[in-house]
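**Student:** Quick one, structure for this:
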Amino acid sequence: MDGLIKGVELWKTYKLDVTEVHALRGLNITVDKGEFVSIMGPSGSGKSTLLNMIGCLDTPTKGELYIGGKKTSDMSDKELTRMRAEEIGFIFQTFNLLPALSVRDNVEFPMRNLPGKEKPKKTKRIKRAEEALEQVGLGDRMNYLPTKLSGGERQRVAIARALVNHPQFILADEPTGNLDSDASANIIKVLHEVNSEGNTVIMVTHDKETTKDTRILRIRDGVIQD
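**Tutor:** Modelled structure (predicted):
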């Protein structure tokens, strides 16, 4: 199966009372290893549905999704949970950091309960967290609480957390949506640096300024536009 991620004739249908809403309508997508792909489209076009499907947070009503050559419809709930934890890095618009934990502990936290493989020892987890924070330029903020950081710095912590398990790819859902223009530019720079190191990045965005030097896929009415 070609591509790190391949969706074939993906449909997603939701039932609202007696009405069917088609969020995806036979969508086809291929993302190769090492790409930086931006997904753009108006509200309600299916961007978030597609991202959730690629992130194994949702399943297609019809069609097939392959990740690393594996057909997700053949995977058990346990296998999908393991894939989300070990092979996919998530970056959210709202950061989703734990306010009572230090920056280092926020990045280390996802490694504490890794399913499907031996949990790294604490010293190794801390080392990997520190390396990820150094990678995003926050080596001097490791002991800070998230509340002491700017919005841009908190998003960089979220990027480090997404990187710490060395995932196959990163999913970024409007990662600059809560940031000013300077902080947004810095986050996009970090994502490009992450991509240049071989990481595949898939980003949903409304902001055309953030899509420079990426492959843009435009989605409308549940399909990718040619």
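**Student:** For residue 38, what is the enclosing helix or strand?
**Tutor:** Per DSSP states H and E, residue 38 falls inside strand 36-40.
**Student:** Contacts made by that strand with the rest, please.
**Tutor:** Residues outside strand 36-40 that contact it (Cβ atoms under 8 Å, 6 or more residues apart in numbering): 31, 47, 50-51, 191-192, 195, 200-206, 208, 210-211, 213-219. Any C-beta I mention is one placed from the backbone N, CA and C, and that applies to glycine too.
**Student:** any idea which helix or strand comes after it?
**Tutor:** helix 47-54.
**Student:** For that following helix, give the mean pLDDT please.
**Tutor:** Helix 47-54 carries an average pLDDT of 95.
**Student:** Which secondary structure elements does that helix sit against?
**Tutor:** The contact analysis (3 or more Cβ pairs under 8 Å, 6 or more residues apart in numbering; DSSP states H and E) places helix 47-54 against strand 5-16, strand 19-31, strand 36-40, strand 62-67, strand 169-173, strand 200-204.
**Student:** now with 10 Å?
**Tutor:** Contact here means 3 or more Cβ pairs under 10 Å, 6 or more residues apart in numbering; DSSP states H and E; on that basis helix 47-54 packs against strand 5-16, strand 19-31, strand 36-40, strand 62-67, strand 169-173, strand 200-204, strand 215-220.
**Student:** Taking their axis directions, it and strand 36-40 sit at what angle?
**Tutor:** Angle, helix 47-54 to strand 36-40, by axes from the mean of the first three to the mean of the last three Cα atoms, to 10 degrees: 140 degrees.
**Student:** Let's see helix 47-54 as CSV, backbone CA atoms only.
**Tutor:** What follows is helix 47-54, C-alpha atoms only, in CSV (Å, rounded to 0.1, in the frame of the first residue of the first chain):
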residue,chain,number,x,y,z
LYS,A,47,-11.6,18.9,8.0
SER,A,48,-12.0,17.9,11.7
THR,A,49,-13.8,14.7,10.7
LEU,A,50,-10.9,13.7,8.5
LEU,A,51,-8.3,14.6,11.1
ASN,A,52,-10.2,12.5,13.7
MET,A,53,-10.3,9.6,11.3
ILE,A,54,-6.6,9.8,10.5
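**Student:** In that helix, which of the residues would be classed as buried?
**Tutor:** Neighbour counts using 16 or more other Cβ atoms under 10 Å place 47, 48, 49, 50, 51, 52, 53, 54 of helix 47-54 among the buried residues.
**Student:** what distance separates the strand holding residue 38 from the centre of its chain?
**Tutor:** Counting by Cα atoms, centre = their mean, to the nearest Å, strand 36-40 is centred 11 Å from the centre of its parent chain.
**Student:** Name every strand pairing with that strand and say which way it goes.
**Tutor:** Next to strand 36-40 in the sheet, as set by DSSP bridges, lie strand 200-204 (parallel), strand 215-220 (parallel).
**Student:** Dump it to PDB, restricted to CA.
**Tutor:** Taking C-alpha atoms only, strand 36-40 is exported to PDB below (Å, rounded to 0.1, in the frame of the first residue of the first chain):
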ATOM      1  CA  PHE A  36       4.100  18.500   5.500                       C
ATOM      2  CA  VAL A  37       0.400  18.700   4.400                       C
ATOM      3  CA  SER A  38      -2.000  21.500   5.200                       C
ATOM      4  CA  ILE A  39      -5.700  20.800   5.100                       C
ATOM      5  CA  MET A  40      -7.900  23.800   4.400                       C
END
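**Student:** hmm, back to that, residue 183 is nearest to which of the strands paired with strand 36-40?
**Tutor:** Residue 183 lies closest, by Cβ to Cβ, to one member of those: strand 200-204, at 15.6 Å.
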